[in-house]
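Trainee: next one to model:
(2 chains)
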Amino acid sequence: MVEVTDVVCSLCGCVCDDIVLEVENNEIVKVKKGACSVGKAKLLGHERIKSPAIRENGELRECSYDEAIKKAAEILYKSRRSLLYGWSSTVCEAHKVGVELTEDLGAVMDNTASVCHGPSVLAINDVGLPSCTLGEVKNRADLIIYWGANPAQAHANHMKRYSYVSKGYWTEEGKKGKKMVVVDVRKTMTAKMADVFVQIKQGKDYQVFSALRAILRGHEDVVPDEVGGVPKEQLLEVANMVKESKFVMTFFGMGVTHTGARHNNIVNAIQFTRAAHLHTKASIMPLRGHYNVAGINQVCTWETGFPFAIDMSRGYAWYNPGEQSATDLLYRGDCDAAMIIASDPGAHFPGESLKHLAKIPVIQIDPYANPTTEFADVVIPAAVSGIEAEGNVYRMDNVPIRLRKILDTDYLPDEEILQRILTEIRAMREKEGE
Amino acid sequence: MQTITLKLKDAAMSGIAQVPVEVDALTPDKLFGKSEAELKAVKVWWGNKQEAAGDLFDVSVAGDAGSGDEVKIVFEGDLTRVKRIGDGMKSGEIEARGDVDMHCGAMMEGGKIVVKGNANCWAGREMRGGELVIEGDAEDNLCAMYRGEDKGMTGGKVMVNGNAGECVGQYMAGGEILIKGNVDRLAGLSMSGGKITIGGDAELFGPDMIGGEIVVKGKVLEMMPSFRPDGTESIEGVEYKKYLGDLAMGEKKAKGTLYAR
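Mentor: Just a heads-up that it's a prediction; the model follows:
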């Protein structure tokens, strides 16, 4: 039995890096410290895809890596418009090969931000983002606002490590010296812990942000008695808490990115943060879901100039979420092949989009079987990044952290699978050119 | 005068996927004076490959032209997956006989486009001049900006006979939009100039406005909470309430005007 310390968790955007494991006979037998219950479940592992496979007459037939990779390359090479989607649960080294593959094919590359914090990214395109690291939040923030987010259940270590409950240099009293505001449509587990719970009407976030901005800018006279289901007195109370704090941190989640004005909610949340700067220090950060969704946005941005929904069909990057984003592309029936890596649209995409995905040839690269496997035509199992493969990832505050390899495996890492597909495609092109 | 008729072949949209055809290469100022053979050879993007226009469209030409002004292009067939009709056009006329896909009239500088049906998202995106008439409905982002740009429409005139979607004229800085029907939320978002007239109903219009004006003739379904009432004004003999804002941008920047009944 070996104890492994400082293990990095490859589950959510918190990317906790203080985990202690017990390993015996190339198997993780115990999570001794650090991980939350969901992180623990991932580290302890569950059933894997056993072998590469190709669908024939409706059934998956097991085959070699070589055969599956060749078949995948054939599908992509023939395609006029393919979608390469997923990426958030693998490392940046694989993303880099993904961008190269996209460019080589003239494909569309999109990642799970598209159905997650894509709206936040769009808002950043419009108005920028006054943000900081989680370390700064831990050490400085005395007012925490969670808007449309429920970290007590979704990012279980977040409050403990970085925000409301943590103790830092200027926040040595922990939650005793802090205040927390939660804005949500229902009283979540996080909302129950809050000093002030603002219960907003579904889809009305946009106008509530605008009202708060007007108040912070000294125009409370024009704000009506109630905005989005929130009484004016409570808006004034929250605005006062902002004014009286030393450092306000707003974290936001899916409850505000996908309702009402959607990405413009986030534009308004960012502008609310700006308005708070008239009185105090303020910062804002999306609560990213997958452990490396921030990383795929980073890699795509430094390689192509754009963070997601990138169309390389004309040989240069064209970016227009709503047009090249995966759900829209599929909903419209615009693409004729897809490669799904490190994600599961089968479980998360709208039904109409899935109907098209089930119709076209689909290649899946993933360690685990999931609903996408049910209609995938080529299935390629991969090593689990952060357990069986190493590489770089970006935490939700865009701080890069290196995932470590803990166990040995015969499964290929994502990077190698992609590189081999790309090599096959280039060989096909060369052969055709002869 | 030269009339060029381009009818999309059914075969282009009969595969497993309906890969959009992008026709920004087919504008009057780029095609004037070309013979039928030359027109058929013009390269058009279809997915990750360029194809000859003649392989995707039935092409016919009548007359001749010495400049783009003397050309009328007629698009026919199923145009629901034909993108960028009249994208960047400078002169002449385009008539699209049916519903059109995204970016119709985007970056347009001059000439006229008539869509005899509905237009998908981003019609008139960053339009600079000319005239765009949509006889049906327009979807979201009509006359808005490309992602991250700080200016949408800056000039020209757009008329929609039906309804329009969200974010009409987002970041609009000039020009005129007239919508006869209703619009979805956030019309005139971050607008700095120009005029939007909405014949029907509207909600949450003018947020973050720092200039320009919006007139809503129908019902106001929901008003932004950050505008200051400023008396009434008569427009074409009808009395309207006037509002100034958006005060969420701060007093100095809040130079937009809303008129609603």
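Trainee: show me what residue of the stretch 251-400 of chain A gets nearest to chain B.
Mentor: The stretch 251-400 of chain A approaches chain B most closely through A:Asp336 (3.8 Å), counting by Cβ to the nearest Cβ. C-beta here means a position set from N, CA and C on the backbone, and glycine is covered the same way.
Trainee: find the nearest non-adjacent residue to that residue, please.
Mentor: B:Ala17 (3.8 Å; Cβ to Cβ, 6 or more residues apart in numbering or on different chains).
Trainee: counting contacts, what elements does the helix or strand containing A:Met339 pack onto?
Mentor: Take DSSP states H and E as the rule and A:Met339 turns out to sit in strand A:337-341. In terms of contacts (3 or more Cβ pairs under 8 Å, 6 or more residues apart in numbering or on different chains; DSSP states H and E), strand A:337-341 is packed against helix A:65-78, strand A:82-86, strand A:362-366.
Trainee: who touches the first one?
Mentor: Spelled out, it's helix A:65-78. A:52-54, A:82, A:101, A:105, A:107, A:337, A:339, A:361, A:363, A:377-380, A:412, A:417, A:420-421, A:424-425, A:428-429 (Cβ atoms under 8 Å, 6 or more residues apart in numbering or on different chains).
Trainee: between it and strand A:82-86, how many degrees?
Mentor: 130 degrees (axes from the mean of the first three to the mean of the last three Cα atoms, to 10 degrees).
Trainee: tell me the angle of helix A:65-78 relative to strand A:337-341?
Mentor: Using the same axes, to 10 degrees: helix A:65-78 against strand A:337-341 is 130 degrees.
Trainee: could you give the mean pLDDT of helix A:65-78?
Mentor: The average pLDDT within helix A:65-78 is 98.
Trainee: okay, buried residues for it please.
Mentor: Residues A:65, A:68-73, A:75-77 are the ones in helix A:65-78 that count as buried (16 or more other Cβ atoms under 10 Å in any protein chain shown).
Trainee: identify the residues contacting the spatially most central residue of chain B.
Mentor: Geometric centre of chain B, nearest residue: B:Gly124, 2.5 Å, by Cα atoms, centre = their mean. By Cβ under 8 Å, 6+ apart, B:Gly124 lies in contact with B:104-106, B:108, B:132, B:142-143, B:153, B:156, B:158, B:177.
Trainee: strand A:82-86 and the longest helix seen in chain A, what's the angle between them?
Mentor: Looking across chain A with DSSP state H, the single longest helix is helix A:414-433. Using the same axes, to 10 degrees, the direction of helix A:414-433 lies 170 degrees away from that of strand A:82-86.
Trainee: distance of B:His103 relative to B:Tyr171?
Mentor: 16 Å (Cβ to Cβ, to the nearest Å).
Trainee: cool, and B:Ile85?
Mentor: Distance from B:Ile85 to B:Tyr171, by Cβ to Cβ: 22 Å.
Trainee: A:Ile28 too?
Mentor: In terms of Cβ to Cβ, A:Ile28 sits 52 Å off from B:Tyr171.
Trainee: give me the neighbour count for the residue of chain B found nearest chain A.
Mentor: Closest to chain A within chain B is B:Asn48: 2.9 Å, counting by Cβ to the nearest Cβ. Using other Cβ atoms under 10 Å in any protein chain shown, B:Asn48 is surrounded by 19 other residues.
Trainee: so who does it touch?
Mentor: Counted by Cβ under 8 Å, 6+ apart, B:Asn48 has contacts A:79-81, A:105-107, A:312-314.
Trainee: redo that, cut-off 7 Å
Mentor: A:80-81, A:105-106, A:313 (Cβ atoms under 7 Å, 6 or more residues apart in numbering or on different chains).
Trainee: let's see which of those residues end up in helices.
Mentor: Using DSSP H, the contacts of B:Asn48 in helices are A:Leu105.
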